[in-house]
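In: Structure, please.
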Amino acid sequence: MSPAPPPTWTTEPREPSPADSTTAEPSLLRPLLVMAAIGSAVIHFAFAPPHLDLAVSHGAFFLTVAWLQVAWALAVARRPSTLTYRLVLNAAVIAVWLVSRTIGIDGDKEAIGFPDSVATALEAFVVLGSFGPLARLLPTRPVRDLTAERCWGRRPC
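Out: Numbering: from 1, shown residues only. Model prediction:
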């Protein structure tokens, strides 16, 4: 028997082999969760300055939440695991939002506005995607490099 020929580099796409099954298939849900967390963080960063003017503790809360949401999104994007998906940060932020709109944090109830409603909706999506029935669609292993360079012609995907 002769040895197998060496692999060749081609720009043609190839069919996945069993050796490629070491990682989970990419899921649309994970990038959506990452984008939702980043979107909510952007809103918190944008509204931190007015809250800092109101009270340093309120502004510090907004900045802390924003940075934690960015960290969560990066952790899920870089190295997904059940633990990172199930961190309760966004559920806690939703609870604080509900208290601030119904009872009030400093005695005054805040009005429900469009930006905070969007941030809360994004956080709710992250919670439902991480804990709800959608969670079983999330890959728990890193996905192979699916960059444009790898998949569109320079190296076989």
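In: Need the contact partners of the helix or strand harbouring residue 122.
Out: Using DSSP states H and E, residue 122 falls within helix 114-131. With contact meaning C-beta atoms under 8 Å, 6 or more residues apart in numbering, helix 114-131 is reached by 29, 32-33, 36-37, 39-40, 43-44, 46-47, 85-87, 90-91, 93-94, 97, 110, 134-135, 138. To be clear about C-beta, it is placed using only N, CA and C from the backbone, and glycine gets the same treatment.
In: of those residues, buried ones?
Out: 29, 33, 36-37, 39-40, 43-44, 47, 85, 87, 90, 93-94, 97, 135, 138 (16 or more other C-beta atoms under 10 Å).
In: Now, those residues that are in helices?
Out: Among the buried ones among the contacts of helix 114-131, the members falling in helices (DSSP state H) are 29, 33, 36-37, 39-40, 43-44, 47, 85, 90, 93-94, 97.
In: Residue 60: what's it in contact with?
Out: With C-beta under 8 Å, 6+ apart, residue 60 has these contacts: residue 52.
In: about what we covered before: list the buried residues in the helix holding residue 122.
Out: Buried, per 16+ other C-beta under 10 Å, within helix 114-131: 116, 119, 120, 122, 123, 124, 125, 126, 127, 129, 130.
In: shaky segments in this protein?
Out: Applying pLDDT under 70 to the chain flags the ranges 1-27, 82-83, 132-157.
In: want to throw the ones in helices among the buried ones among the contacts of helix 114-131 into TSV with distance to residue 53?
Out: Output for those, formatted as TSV (distance: C-beta to C-beta, whole Å):
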residue	distance to residue 53
29	38
33	32
36	28
37	26
39	24
40	21
43	17
44	15
47	11
85	35
90	25
93	21
94	24
97	20
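In: for the nearest residue to residue 70 once chain neighbours are set aside, what are its contacts?
Out: Excluding its sequence neighbours, the residue lying closest to residue 70 (C-beta to C-beta, 6 or more residues apart in numbering) is residue 41, at 4.8 Å. The contact partners of residue 41, by C-beta under 8 Å, 6+ apart, come to 65, 66, 67, 69, 70, 73.
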